[in-house]
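coords please:
(2 chains)
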Number of protein chains: 2
Amino acid sequence: MTGTIITIGDELLIGQVINTNQAFIAEQLNGVGVYVTSMVTVGDNESDILAAFHEAAIHADVVCVTGGLGPTHDDITKTVVCKFFYTELVMNEDVLATVRALMNRRNIPWLPSAEAQAMVPRSCTVLPNSVGTAPGMMFRHTRHGKKGYFVVLPGVPAEMKQIMTEHFLPLLAKGQKGNVVRHLTLKTTGIPESLLAQKIGDVASVTGTDGTMTLAFLPGPRGTRLRVTVRESDAARADEKLAAAGAVLQAKAGAFIYSSGSEDLEELVGILLRQKKLKIAVAESCTGGYLAHRITNVSGASDYFMRGYVTYSNEAKIDELGVPAVLIETHGAVSSEVAAAMAAGARETAKVDIAIATTGIAGPTGGTLQKPVGLLYVGFADEKSTTTRKFNLGGDRMIFKERASQAALDLLRKVLLGIEF
Amino acid sequence: MTGTIITIGDELLIGQVINTNQAFIAEQLNGVGVYVTSMVTVGDNESDILAAFHEAAIHADVVCVTGGLGPTHDDITKTVVCKFFYTELVMNEDVLATVRALMNRRNIPWLPSAEAQAMVPRSCTVLPNSVGTAPGMMFRHTRHGKKGYFVVLPGVPAEMKQIMTEHFLPLLAKGQKGNVVRHLTLKTTGIPESLLAQKIGDVASVTGTDGTMTLAFLPGPRGTRLRVTVRESDAARADEKLAAAGAVLQAKAGAFIYSSGSEDLEELVGILLRQKKLKIAVAESCTGGYLAHRITNVSGASDYFMRGYVTYSNEAKIDELGVPAVLIETHGAVSSEVAAAMAAGARETAKVDIAIATTGIAGPTGGTLQKPVGLLYVGFADEKSTTTRKFNLGGDRMIFKERASQAALDLLRKVLLGIEF
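Here you go, the predicted model:
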């Protein structure tokens, strides 16, 4: 099957917003064997939207539309969809109940515009939105005498993603047999892309040479993901090939691979802490709360995460964590000694099993020749010992925080798994 | 003038790469008065590229193409451009010299593929690339009897940007007089999009009725942005109109507007704290470090942000902030009383002027009928008093943190500005 993605919104055409929905949808459609051949963006303008719909319905089996479903005057997608499918808007009681419940939960007074969110085209199948007020809407269009899918989703990424993954993709996958595209993604951290490529060496040793598999390096601030893609006529054969490729990659770069699923490092660390019944605290300087934020992003983190200290000033390090003032005077706040004292102090004060600490220079200012922007010390303390590790990370302030929190979590992972670090 | 942006590349169609070039080009074209009406992405496939070219040349005065100019087998844009303009590739000595110099500088051995980079369509104007090997190529196409611009740029962002800003935009701007597009964006928070729309009422009261101005509502987890766009023949007149529209919006919804520029709430609050020479601490439960993270994202935050407490457990609230245990037993950790005690405790322990605190239920678990997921209390303490505010925020865990930190920062902003809250 072929696909076209249509994103709607003036904010895209003036370049105010980067279109991340396109890539997400493309990746998801690919995953269920839909070969996306074009992506189109138009403004909140009836004739442009209609033209895009007509063009897409001629060329694609799957047409995926996002944007313009909000409650304000510039959101016209729903009316244009009605014109395109020669139908009209009718009240949908299920959607109405959902919208009402959502607004009650948020204490928002009931408005006519909210009621309008529950109006849907008569001929569509409603795909429920559990995050916001605009439901997804699915139609079947006819292309070369065969039924295609025409789905309309809200442009708010969280809402689009929920409806896409929970409702539309399962529907699509059911209708798709005999043409399988599968991906295996291995998440690595702690090694630059170029070194990782060197470790892996000849790509054909992973993918074979029959052209059914590809290997992609996807670098990001949290590390490089390795993605193997296989296209096969048979699902079992595809899974077999992926497993073999995964084994080769594990053999070559296993020490740097922390996940072969979608989980982030904070989730993995959370699972390990819960398994081992260990309680943790963190003490942060340069990561400024970001490390605690990542750990607490995991639902249920309160089972093992007890508390965090964001000790941004020297006084805070001394008062809260008992770091000796003389240590800061002698070695500076960004030093191995202070990282160790922060971790040990946090562990003791918080009465936990394990503590990790970060101190470094996030930049853009504050760097020196001896201690440049990007320098990081991670401290680790458990009942047995206190250790530290030094890193040189680049990047702007946010990328530094991303890399620094990743380095701290990866150190924690290695300790918990008994891997040398 | 109208514009179409065509981006070419299989990596975009499988969602491997987020298309940031589109937004950059759109913003630049808008800035010189080119009204972008559509953006199209196709793969490295001759017939799809040709179809996109034909369509664009019919509808747009300015056609901007990026991607597929590299030296590998899948880069076919240049040959397709030749077909489209009925021309052929010829060696360009200037480009050849530039490519040779670049490869020398980088110590890359000379390859036939490098020589191919210096072949350009006979009828084009070369726009030099000082960053990489693929030059930009400009053509004039005819649309409704008038000359348009058809420009082809490399897909590597740094190369595209250099050629765009140094060569193509100046050319365009010269040909473009008396057509100006300007935007004003006002950032609001603390009010749902639907209520904001009601407050603003008739859109024409903001934009007038002569068709030169539009108003867009752009919702996100941190609030709704209001964007006014004006298209005018005269820059001074455009700015005047924008200022008038901005004044109307301020009069109608001023209490909810925190910025008319690009700055985030944490930057604004940082500026105010520095101006007033106030030191701050935060005490977080449900936001789990995210509030401190946002505050410390601002370079120089260490001037006013002293420390943060992530008191995830009850013990942490009692130990670190001196919250009376009886308060937690009586009212629960998620209560106005505990929010107040957290803020007052943090202020005292950290010896700062101001403290803010958050306690709430981020979900997805932990909600009850009385205290549902999304409930938030923000506490605020200064030398004069301690107050709290209650919010009902929805969303998944991350969106909740986003909204909760925004609510806390907005409360802080209002206190600092002496606005009632």
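
so how far is the helix or strand of chain A with the lowest mean pLDDT off the chain centroid?
Of all helical and strand segments in chain A, the minimum by mean pLDDT, DSSP states H and E falls on strand A:213-220, at a mean of 80. Here strand A:213-220 shows a centroid-to-chain-centroid distance of 16 Å under the convention Cα atoms, centre = their mean, to the nearest Å.

tell me the strands beside it, with direction?
Applying DSSP bridges to the sheet, strand A:213-220 is found paired with strand A:223-232 (antiparallel).

hey, C-alpha coordinates of the strand it pairs with in PDB?
Coordinates of each C-alpha in strand A:223-232 appear next as PDB, following Å, rounded to 0.1, in the frame of the first residue of the first chain:
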ATOM      1  CA  GLY A 223      23.300   8.500  22.200                       C
ATOM      2  CA  THR A 224      23.200   6.800  18.800                       C
ATOM      3  CA  ARG A 225      20.300   4.400  17.900                       C
ATOM      4  CA  LEU A 226      21.000   1.600  15.500                       C
ATOM      5  CA  ARG A 227      18.000   0.800  13.400                       C
ATOM      6  CA  VAL A 228      17.900  -2.400  11.400                       C
ATOM      7  CA  THR A 229      15.000  -2.600   8.900                       C
ATOM      8  CA  VAL A 230      13.900  -5.700   7.100                       C
ATOM      9  CA  ARG A 231      11.400  -6.000   4.200                       C
ATOM     10  CA  GLU A 232      10.100  -9.500   3.700                       C
END
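
got the contact list for that strand?
Contact with strand A:223-232 is made by A:179-193, A:196, A:200, A:206-207, A:212-219, A:238, A:241-242, A:245-246, A:249, A:253, A:256-257, A:406, B:16, as judged by Cβ atoms under 8 Å, 6 or more residues apart in numbering or on different chains. The way it works is simple: take the backbone N, C-alpha and C, and place the C-beta from them, glycine included.

what's the average pLDDT for it?
For strand A:223-232, mean pLDDT rounds to 86.

list the helices and strands the helix ranked longest in chain A packs on?
When chain A is parsed with DSSP state H, its longest helix is helix A:397-417. Applying 3 or more Cβ pairs under 8 Å, 6 or more residues apart in numbering or on different chains; DSSP states H and E, we find helix A:397-417 packed against helix A:265-275, helix A:290-296, strand A:354-360, strand A:375-381, strand A:386-392.

sec struct for the residue of chain A positioned farthest from its centre, please.
Ranking residues of chain A by C-alpha distance from their mean position (Cα atoms, centre = their mean) puts A:Val326 at the top, at 42.4 Å. Taken by DSSP: H, G, I helix; E, B strand; the rest coil, the conformation at A:Val326 corresponds to helix.

cool, A:Asn129 as well?
coil.

can you tell me which residues contact the nearest residue to A:Asn314 once chain neighbours are set aside?
Spatial nearest neighbour of A:Asn314, chain neighbours left out: A:Ile328 (5.4 Å); criterion: Cβ to Cβ, 6 or more residues apart in numbering or on different chains. Counting by Cβ under 8 Å, 6+ apart, A:Ile328 makes contact with A:314, A:317-318, A:338.

check A:Ala292 too.
Counted by Cβ under 8 Å, 6+ apart, A:Ala292 has contacts A:282, A:284, A:305, A:308, A:310, B:288-289, B:292, B:310.

separation between the residue nearest to A:Asn314 and A:Glu267?
Here A:Ile328 is placed at a distance of 34 Å from A:Glu267 (Cβ to Cβ, to the nearest Å).

and the nearest residue to A:Gly201 once chain neighbours are set aside, how many residues sit next to it?
Leaving aside its chain neighbours, A:Gly201 sits nearest to A:Lys252 (7.2 Å; criterion: Cβ to Cβ, 6+ apart). Residues lying near A:Lys252 (other Cβ atoms under 10 Å in any protein chain shown) number 16.
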